[in-house]
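> no sequence for this one, just the structure:
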């Protein structure tokens with residue numbers, strides 16, 4: 001895979017959005033705040049929950065001997081483990097991590113980054129990946145989509 005393809009990866013998008021939230025929290029606060037220790041607690045829970053989702057999904061994909069690399073062809077359709085609850089637990093984990101950092105940085109004005117991040121991830125990664133799974137696994141993927149939601 002060429003080096004520039006490695007730049008267009010979900011972790012790079014996630015880190016970029018986290019950096020944007022950090023910059024906003026340092027330079028454009030306008031006196032807005034989530035306030036209090038509850039925000040730090042919620043931030044920790046969101047970041048921790050997101051990391052747990054990432055690890056559980058990666059373990060399941062490794063057990064099934066398929067790739068976690070976006071835009072790569074999947075060897076198997078993974079429907080067990082955490083994938084019983086969400087078709088995209090890694091991306092869901094990314095969203096939780098971003099939300100947690102926005103809370104942690106007290107970056108109120110960065111809240112619109114969440115739906116923007118979801119939109120980018122869906123368009124650049126989820127839709128193409130699901131189209132590939134649909135072509136390769138046809139009826140199995142259709143059944144999986146009927147019983148398992150994309151996000152939660």
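Everything's here; your move. What you are looking at is a predicted structure, and each value in this text was computed from that prediction instead of being measured. Numbering: from 1, shown residues only.
> Which helix or strand contains the residue of the chain most remote from its centre?
Going by Cα atoms, centre = their mean, the residue of the chain most distant from its centre is residue 31, 29.4 Å out. Secondary structure assignment for residue 31, by DSSP states H and E: no helix or strand.
> do you know how far it is from residue 106?
Distance, residue 31 to residue 106, using Cβ to Cβ, to the nearest Å: 11 Å. No exception for glycine: its C-beta is placed from N, CA and C like everyone else's.
> circling back to that earlier point, what's the spacing between the residue farthest from the centre of the chain and residue 71?
For residue 31 relative to residue 71 (Cβ to Cβ), the value is 43 Å.
> The residue most central in space within the chain in helix, strand or coil?
By Cα atoms, centre = their mean, the chain has its centre lying nearest to residue 91, at 2.1 Å. On the three-state scheme (DSSP: H, G, I helix; E, B strand; the rest coil), residue 91 is labelled helix.
> quick one, what contacts the residue lying closest to it once chain neighbours are set aside?
Distances taken as Cβ to Cβ, 6 or more residues apart in numbering place residue 121 nearest to residue 91, at 5.2 Å, with adjacent residues excluded. By Cβ atoms under 8 Å, 6 or more residues apart in numbering, residue 121 lies in contact with 10, 13, 91, 94-95.
> Columns distance to residue 116, pLDDT and secondary structure on top of the residues you listed, output as JSON lines?
Output for the contacts of residue 121, formatted as JSON lines (distance: Cβ to Cβ, whole Å; pLDDT from 0 to 100; DSSP: H, G, I helix; E, B strand; the rest coil):
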{"residue": "10", "distance to residue 116": "14", "pLDDT": "96", "secondary structure": "helix"}
{"residue": "13", "distance to residue 116": "10", "pLDDT": "97", "secondary structure": "helix"}
{"residue": "91", "distance to residue 116": "14", "pLDDT": "98", "secondary structure": "helix"}
{"residue": "94", "distance to residue 116": "13", "pLDDT": "98", "secondary structure": "helix"}
{"residue": "95", "distance to residue 116": "11", "pLDDT": "98", "secondary structure": "helix"}
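> of those, closest to residue 22?
Proximity of the contacts of residue 121 to residue 22 (Cβ to Cβ) peaks at residue 13, which lies at 15.1 Å.
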